[in-house]
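A.B. asks: predicted coordinates and the sequence they were generated for:
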Amino acid sequence: MSSSDRRLFLLSGLAALAGCGFAPVYGPGGGGDALMGQVRVTDPQGRAGFLLTREIEARLGRPETPRYELRPAIALRSEAIAIDRSNVAARANLIGTVNYTLTDLETGEKVDSGKVTNFTGYSTFDTPIVTRAAARDAEARLMQMLADQMLTRLAAAAASRSR
């Protein structure tokens, strides 16, 4: 395919996407900014809840007069994945799931709900202090990933509602 043929092909593909109403979520008219400064997260439970709330508020802002309430329920579990000859775990996975519900505070109606799951690994070491620090770091990384997944889904849902 020649260079000019590829450009024509790409332009026709873009024109087809524009014709079907495709718009980037965070672009002009995309609807992704509908949640900015509008979502109150319920009081966090434990360290994981605090970390998740911090990540969400860092992206959406802390609302003064919220329109929505986000209620996340976090479940974490650790799983040994590398065990040495003496039956000691050398690596572990921290697996997290967040079930969430977004509710309109004006109507009490459930706007969106879902479930996101992800994992991250960390090394276990000879000393409990270093292992605990690695586990806490993994928990922070995991909450960041889960917040990203959840907010991507919520933004897409908000964009589809705004059409």
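C.D. replies: Yes, it's here. Predicted model, so just to flag it, every value in this text is computed and none were measured.
A.B. asks: tell me which stretches of the protein form helices.
C.D. replies: Counting by DSSP state H, one finds helices in the chain at the ranges 3-19, 46-60, 128-161.
A.B. asks: mean pLDDT for the ones you listed: which is lowest?
C.D. replies: The minimum mean pLDDT among the helices of the chain belongs to helix 3-19 (a mean of 54).
A.B. asks: before we move on, the earlier item: distance to Val88 and mean neighbour count added to the helices of the chain, as a markdown table?
C.D. replies: Every residue, glycine included, has its C-beta placed from N, CA and C. Shown next, in a markdown table, are the helices of the chain (distance: least, C-beta to C-beta, whole Å; neighbours: other C-beta atoms under 10 Å):
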| stretch | distance to Val88 | mean neighbour count |
| --- | --- | --- |
| helix 3-19 | 53 | 10 |
| helix 46-60 | 26 | 18 |
| helix 128-161 | 11 | 17 |
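A.B. asks: among those helices, which is nearest Asp84?
C.D. replies: helix 128-161 (14.2 Å; C-beta to C-beta).
A.B. asks: the closest one packs against which elements?
C.D. replies: helix 46-60, strand 68-83, strand 89-104, strand 110-123 (3 or more C-beta pairs under 8 Å, 6 or more residues apart in numbering; DSSP states H and E).
A.B. asks: what about Thr65, neighbour count?
C.D. replies: Thr65 has 8 neighbouring residues, counting by other C-beta atoms under 10 Å.
A.B. asks: so what's Thr42 up against?
C.D. replies: Glu69, Leu70, Arg71, Pro72 (C-beta atoms under 8 Å, 6 or more residues apart in numbering).
A.B. asks: let's see it at 10 Å
C.D. replies: Gly49, Thr53, Glu69, Leu70, Arg71, Pro72, Ala73, Thr101, Thr103 (C-beta atoms under 10 Å, 6 or more residues apart in numbering).
A.B. asks: and it, its phi and psi?
C.D. replies: phi -60, psi 160 (degrees, to the nearest 10).
A.B. asks: again with the one 3 residues further on
C.D. replies: With angles defined as degrees, to the nearest 10, Gln45 shows backbone torsions of phi -110, psi 110.
A.B. asks: could you check how far the nearest residue to it once chain neighbours are set aside is from Ser123?
C.D. replies: Leaving aside its chain neighbours, Gln45 sits nearest to Ile74 (7.4 Å; criterion: C-beta to C-beta, 6 or more residues apart in numbering). Using C-beta to C-beta, to the nearest Å, we find Ile74 at a distance of 23 Å from Ser123.
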